[in-house]
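> Any chance you could fold what I've pasted below:
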Amino acid sequence: MDNPKTNPISLFFDAISNNYAGLIAVLLISATTYLFVTEKNIPKLLEILDVMIVSYLFGKKSR
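Numbering: from 1, shown residues only. Got it, this is the predicted structure:
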């Protein structure tokens, strides 16, 4: 736990700081899931943003 290269908490924060698109994707998908589970209307813009960010991440991973 003392070594920052193997400490899970530092690795998590390092991954977030280096991958903002991944963090944005998690936040958007979480918001969409919350709205779906609570049976509230999901705004069309949120749906479009979900598709755009996930498509970007899959396109980035395939290269």
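> Measure how buried Leu28 is and give me the count.
Leu28 has 18 neighbouring residues, counting by other Cβ atoms under 10 Å. In short, each C-beta sits where N, CA and C put it, glycine included.
> Wait, it touches Asp50, no?
Yes - taking Cβ atoms under 8 Å as the contact criterion, Leu28 and Asp50 are neighbours in contact, 5.2 Å apart.
> contacting residues around stretch 32-42?
Where contact means Cβ atoms under 8 Å, 6 or more residues apart in numbering, the residues beyond stretch 32-42 that reach it are Leu46, Glu47, Asp50.
> Tell me how far the helix or strand harbouring the second one lies from the chain's centre.
Assigned by DSSP states H and E, Glu47 falls within helix 44-62. Its chain's C-alpha centre lies 10 Å from the corresponding centre of helix 44-62 when counted by Cα atoms, centre = their mean, to the nearest Å.
> what comes up buried for that helix?
By neighbour count with 16 or more other Cβ atoms under 10 Å, helix 44-62 contains the buried residues Leu49, Asp50, Ile53.
> give me the low-pLDDT residue ranges for the chain?
1-5, 12, 15-16, 18, 60-63 (pLDDT under 70).
> Now do the same for the residue nearest the centre of it: helix, strand or coil?
Centroid check for the chain by Cα atoms, centre = their mean gives Val26 as the closest residue, at 2.2 Å. Secondary structure for Val26, judged by DSSP: H, G, I helix; E, B strand; the rest coil, is helix.
> mind starting the numbering at 14 from now?
Sure thing, new numbering starts at 14, so read that last one as Val39.
> what about it, distance to Leu24?
16 Å (Cβ to Cβ, to the nearest Å).
> on that earlier part again, turn the buried residues of helix 57-75 into a markdown table, columns for distance to Tyr47.
Supplementary listing: the buried residues of helix 57-75 in a markdown table, determined by distance: Cβ to Cβ, whole Å:
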| residue | distance to Tyr47 |
| --- | --- |
| Leu62 | 15 |
| Asp63 | 13 |
| Ile66 | 17 |
